[in-house]
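S.K.: pasting the sequence and the predicted model now:
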Amino acid sequence: MLPELPPLPALTRAEGELIDRYLETIDLLGRINPGRHRDTYGGLRAAQALVRKAAELRDALALMHRRGETELHGDTLARALRVLDGERRAARVALPPDGVG
């Protein structure tokens, strides 16, 4: 049985959209990271998808701004990212330790 995850913090719909698009973008960047992968085709496909996801991320931020949500609540959004495994997902963007690839 899997351990129960902590609940997501209360987010506006736009904040939830921002978090989702951000994590999708991070996942694609992790797939492109040349320090971790040797498959050019997979990286190419991820790079092509990144263009669309970056536009969706931009749109999520623009929607927040238009709605008057001009401040990001970093602590709350960081908690949401942690619940959604953001630390592990973002680690794939960084260079691997020496000798690991």
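M.R.: Happy to help now that I have it. Numbers count the residues shown, from 1 in each chain.
S.K.: residues in contact with the strand or helix carrying residue 77?
M.R.: Assigned by DSSP states H and E, residue 77 falls within helix 74-83. Applying CB atoms under 8 Å, 6 or more residues apart in numbering, the contact partners of helix 74-83 are 5-11, 15-16, 18-19, 22-23, 86-87. To be clear about C-beta, it is placed using only N, CA and C from the backbone, and glycine gets the same treatment.
S.K.: among those, which lie within helices?
M.R.: Under the assignment DSSP state H, the contacts of helix 74-83 contribute 15, 16, 18, 19, 22, 23, 86, 87 to helices.
S.K.: residue 94: which of these is nearest?
M.R.: Minimum distance to residue 94 across those is 11.0 Å, recorded for residue 87 (CB to CB).
S.K.: so what pLDDT did the closest one get?
M.R.: In this model, residue 87 is scored at 95, pLDDT.
S.K.: repeat that for residue 101.
M.R.: 56.
S.K.: for the most centrally placed residue in the chain, what are its contacts?
M.R.: The geometric centre of the chain, computed from its C-alpha atoms, lies nearest to residue 23 (CA atoms, centre = their mean), at 1.7 Å. Counting by CB under 8 Å, 6+ apart, residue 23 makes contact with 81, 84, 86, 89.
S.K.: and the first one, how many residues sit next to it?
M.R.: Other residues within reach of residue 81, judged by other CB atoms under 10 Å, total 17.
S.K.: quick one: average confidence on the helix holding residue 77?
M.R.: Mean pLDDT, computed over helix 74-83, is 95.
S.K.: buried sites along that helix?
M.R.: 77, 79, 80, 81 (16 or more other CB atoms under 10 Å).
S.K.: where in the protein is pLDDT low?
M.R.: 99-101 (pLDDT under 70).
S.K.: for it, what's the longest helix?
M.R.: helix 40-66.
S.K.: who are the packing partners of that helix?
M.R.: helix 13-32 (3 or more CB pairs under 8 Å, 6 or more residues apart in numbering; DSSP states H and E).
S.K.: the helix it packs on vs helix 40-66, what angle?
M.R.: 160 degrees (axes from the mean of the first three to the mean of the last three CA atoms, to 10 degrees).
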